[in-house]
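In: Structure, please.
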Amino acid sequence: MLRVFGILISVLFAIATAVLVWPQFFKVETTFPIAQIVASRSLLIVAFLVIAVLAVLLMFARPLRGFAASILIIALLGAGANGAVGALRGFGSDTLPQKSDASVRVLTWNTAGAAVSAEKIAGVIDEQQVDIVALPETSEEVGEQIAIMMREAGNPMWVHHVNIRPDVENGPQAWQTTILIAADLGEYSVIESSTDGSSNTGSVPSAVAMPVDGTGPTIVAVHAVAPRAAAMERWRSDLAWIADQCPDGDFILAGDFNATVDHMAGLGMGGGTMGRCRDVASNTGNGMVGTWPAELPRLLGAPIDHVMASANWRASGSVVLEDSGGSDHRALVAQLEPAESGP
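Out: Numbering: from 1, shown residues only. Here you go, the predicted model:
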């Protein structure tokens, strides 16, 4: 009886391991609680290794030796498979290539409201030579303060902003998203459907900014709702909306997607990660570096903040900044080159 029970547990553990290694195959990557468990593959590796150690200890008990050996093998396979995925996506690169005149640098940083000061954000923009800034949960007032500092630093930027509930005074800053765009990129305007909410993410706002003269990329500052148990349907709807924002054309998406590339399986087309846009971090060696929560070491967190670009752009580098500035998210900086500038 004990042997039969051990076989059953081993089989169930093998199935669970397969699901957690490749949830996309089983079509459960956006299903609670699988979506939450696979958010950090690095934590999964640690969990599988802990189980492997426990299995080794169980092997000292003769009646459990066969059962423990099977659990050990499955746990090592689970850790190895997740490690292989991590190696493909990248465990961290902390440098950007030299910026050319044609390069565009994009910063996304969920500032958790007023947790990060305007001075801190402006300092990062200046130091990293950023051209496009997506700031979920950042007020228009903070954006204007940043723009003033950037103008004084010789890098003027336009400020754009969306507030889904402007009628509520002192409402949560999660209801707001701010974009800053370097004046050198031309004049932009946020489309009406972003500001009136007729086409947007559902609970927290995204913002679509288009070039006034039609020259240059459409810029989408993204903020999807968090995948809490009660918000799973809204979360899936938000991800579908975000994917729709990158059809054929010239697009750059940046922000807090509240999703990893695993959750985005099935939302890409034509080789894209979301719509036709491709994830920069996972193509430049930072796909496993967590941006949330900032309290955890970078390799144990969940990579849920992204910069993505259409085929008009070639990703040449990215970096996840260590200093979160007081936010629960780390900032991500990505460098893009016009696709015709190189292979």
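
In: what are the pairing partners of the host helix or strand of Thr177, and which direction each?
Out: Using DSSP states H and E, Thr177 maps to strand 176-182. Sheet pairing for strand 176-182, assigned by DSSP bridges, gives strand 132-136 (antiparallel), strand 157-163 (antiparallel).

In: Averaged pLDDT, that strand. What do you get?
Out: Per-residue pLDDT over strand 176-182 has a mean of 97.

In: In contact with the residue lying closest to Gly287 once chain neighbours are set aside, which residues?
Out: Closest residue to Gly287 apart from its sequence neighbours, by CB to CB, 6 or more residues apart in numbering: Arg89 at 2.7 Å. Every residue, glycine included, has its C-beta placed from N, CA and C. Counting by CB atoms under 8 Å, 6 or more residues apart in numbering, Arg89 makes contact with Val261, Ala281, Ser282, Asn286, Gly287, Met288.

In: residues in contact with the fourth one?
Out: So that's Asn286. Contacts of Asn286 (CB under 8 Å, 6+ apart): Arg89, Gly90, Gly92, Ser93, Pro303, Ser318, Val319, Val320, Leu332.

In: Quick check: phi and psi at the residue nearest to Gly287.
Out: phi -90, psi -30 (degrees, to the nearest 10).

In: do you know how far it is from Ser327?
Out: According to CB to CB, to the nearest Å, Arg89 stands 23 Å off from Ser327.

In: could the strands paired with strand 176-182 be laid out in CSV, adding mean pLDDT?
Out: Shown next, in CSV, are these (pLDDT from 0 to 100):
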stretch, mean pLDDT
strand 132-136, 98
strand 157-163, 96
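
In: tell me the most buried of those?
Out: Most buried of those by mean neighbour count (mean count of other CB atoms under 10 Å) is strand 132-136; its value is a mean of 30.

In: which stretches of the stretch 1-150 of the chain have low pLDDT?
Out: The model of the stretch 1-150 of the chain has pLDDT under 70 over residues 1-2.

In: mind listing the helices for this protein?
Out: 2-21, 34-37, 41-58, 65-89, 118-128, 140-152, 192-195, 232-244 (DSSP state H).

In: okay if I get those as CSV plus distance to Val208?
Out: Converted to CSV, those look like this (distance: least, CB to CB, whole Å):
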stretch, distance to Val208
helix 2-21, 35
helix 34-37, 26
helix 41-58, 31
helix 65-89, 28
helix 118-128, 21
helix 140-152, 16
helix 192-195, 5
helix 232-244, 10
